[in-house]
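A.B. asks: predicted model follows, preceded by the sequence.
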Amino acid sequence: MQKPIRPLATRPPKPVSRPVKIAFATGGLVLSAATLGLVLYEVSGGFKPSRSAPTSSSLPLSPSHFTPVQVVSSQKSDSIGQHKLIKLKLAKELTPPSNALTSVFSVYLKDSDIQVERAYTPLKGLDENGEMLFWVKRYENGEVGRWFHRQKVGEHVEIRGPVRTLDWEDGKWDEVVLISGGTGITPFYQLLHNVFTRRGNQQPSSDEVALPRDTHFTLMHASRSVETLPPPAILDDLRRWARDSPDRLSLRLFVDPKEGNSGDSVGVCPGRIDAKTIQEVREERKLVKQPTWLEWLRGTATGPDRNKRVLFVVCGPEPMITDISGSRLGRPANDGAVGGVLGTMGYRAQEVRKL
Ligand SMILES: Cc1cc2nc3c(=O)[nH]c(=O)nc-3n(C[C@H](O)[C@H](O)[C@H](O)COP(=O)(O)OP(=O)(O)OC[C@H]3O[C@@H](n4cnc5c(N)ncnc54)[C@H](O)[C@@H]3O)c2cc1C
């Protein structure tokens, strides 16, 4: 019987009593029929994501069912065992249609021990060999991250997706400021990888670097320490793209000055992403409107220059999102209200995304 998936649960389910099991079994038949209908609905062209999804080894990867994939590598990316780079391989015949792979997407991974799923971001999308590389954090008392770290090379895990993380349209924005903390950098790396290499699944045959017209990206990323900065598999590319195309990408890395700072700290600033550092970027990129005489005299000209189309995207731990762009918790989904530093600076809902 299909066990229910608990996307946000952090504890194993309680044991189920016998009468409840019988009720579940009956319900399971109904559920299976409903799920089959859902799968057929999707195959026939419609789409409806499902949380308590079945497993299929024969249908293409899809949000509506789980697909077994093999762990092909699993390597520590720091010396304290907090992060790993894990590669999964999808059988070629299960590749989804290329138009399903939007430029920023994630997949849900199921912890099959306790039937909980969490989203993870394939850094380079799905490559032509069916491989997906993930940078995965293991939280001390977290459920799925710890479980994912324990899976051995050769074993199979189950994923469903792709699920769109961010709507992206080339040329829509003049300036995009990406602000991340910890593994929050993963969707931004995927976006920039797609933009700077154009080897995404949408154009698999092209090796040319074709940058989106007119868009400049600034990536501001914070990690707790130099040790837990993203690994070279992520940072080397970002540094190279920023060095080779400074008119297209600026990179600012921050580490908490209270943490140890051993290791490769080239180009890393001790400090936080806050009003001061965001203001520095706004001034550097000329995102602040020209002051009127009165504002100039008062020193109060901090509003956005709306002659430029600017997008801020924030992805990281909840307290960081709240500080920078206002809380998402306890609000209706996608209500878009902007608070925090960006709200104070005058940015509106259509200029800010919180992932
Ligand atoms: C679109 C998207 C993409 C993502 N991509 C990635 C990615 O590429 N890589 C990545 O590592 N993560 C990614 N994440 C985050 C990931 O989905 C998980 O949220 C993360 O791995 C934590 O899940 P977990 O089950 O390991 O920990 P959880 O069990 O959710 O615990 C998380 C934290 O809460 C604490 N906690 C747990 N239970 C309690 C409790 N009862 N009371 C108080 N505190 C508690 C834990 O100690 C831990 O610090 C992404 C998230 C989204 C939404």
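C.D. replies: Received it, and whenever you're ready, just let me know what you need.
A.B. asks: mind showing which ranges of the stretch 51-200 of the chain have poor pLDDT?
C.D. replies: Filtered on pLDDT under 70, the stretch 51-200 of the chain yields the residue ranges 51, 199-200.
A.B. asks: host element of the residue most central in space within the chain?
C.D. replies: The geometric centre of the chain, computed from its C-alpha atoms, lies nearest to P187 (CA atoms, centre = their mean), at 3.4 Å. Taking DSSP states H and E as the definition, one finds P187 inside helix 186-197.
A.B. asks: re earlier: show the contacting residues for the residue nearest to the centre of the chain.
C.D. replies: For P187, the contacting residues are V104, S106, T121, T165, L166, C315, L355, taking CB atoms under 8 Å, 6 or more residues apart in numbering as the criterion. All C-beta spots, glycine's among them, are computed from the backbone N, C-alpha and C.
A.B. asks: and if we set it to 10 Å?
C.D. replies: Each residue near P187 by CB atoms under 10 Å, 6 or more residues apart in numbering is listed here: 103-106, 119, 121, 123, 165-166, 178, 180, 313, 315, 355.
A.B. asks: check those residues against the ligand, which are close?
C.D. replies: Applying CB under 6 Å from any ligand atom to the contacts of P187, one finds that S106, A119, T121, T165 fall near the ligand.
A.B. asks: which of those has the most neighbours?
C.D. replies: For these, counting by other CB atoms under 10 Å, the largest number of neighbours falls to T121: 27 neighbours.
A.B. asks: my read: it touches S103, true?
C.D. replies: No - in this structure, T121 sits apart from S103 without contact. The criterion is CB atoms under 10 Å, and the distance is 11.9 Å.
A.B. asks: and T55, how far is that from S250?
C.D. replies: Separation of T55 from S250 (CB to CB, to the nearest Å): 44 Å.
A.B. asks: looking at those two, which is more packed in?
C.D. replies: Relative neighbour count places S250 above the other of T55 and S250, with 17 against 14, counting by other CB under 10 Å.
A.B. asks: now that one: closest residue in space, sequence neighbours ignored.
C.D. replies: Closest residue to S250 in three dimensions, ignoring its sequence neighbours and counting by CB to CB, 6 or more residues apart in numbering: T218, at 4.5 Å.
A.B. asks: secondary structure element for that neighbour?
C.D. replies: Applying DSSP H and E as the criterion places T218 in strand 216-223.
A.B. asks: what strand or helix carries K172?
C.D. replies: Assigned by DSSP H and E, K172 falls outside every helix and strand.
A.B. asks: surely it and L166 touch.
C.D. replies: No - applying CB under 10 Å as the test, K172 and L166 come out as separate, 11.8 Å apart.
A.B. asks: which neighbours do these two share?
C.D. replies: Between them, K172 and L166 have L311 as joint contacts when contacts are counted by CB under 10 Å, 6+ apart.
A.B. asks: where along this structure do the strands fall?
C.D. replies: Counting by DSSP state E, the chain has these strands, from start to end: 67-76, 83-89, 105-111, 116-120, 131-137, 156-164, 175-181, 216-223, 249-255, 268-270, 310-315, 352-354.
A.B. asks: that older thread, and the contacts of P187, which two are furthest apart?
C.D. replies: Checking those against each other with CB to CB, the farthest-apart pair comes out as A119 and L178, at 17.9 Å.
A.B. asks: residue in the stretch 201-350 of the chain nearest to the ligand?
C.D. replies: Proximity to the ligand, evaluated over the stretch 201-350 of the chain using CB to the nearest ligand atom, is greatest for C315 at 7.9 Å.
A.B. asks: which neighbours do T121 and S103 share?
C.D. replies: Applying CB under 10 Å, 6+ apart, one finds that T121 and S103 are jointly contacted by T165, P187, Q190, L191.
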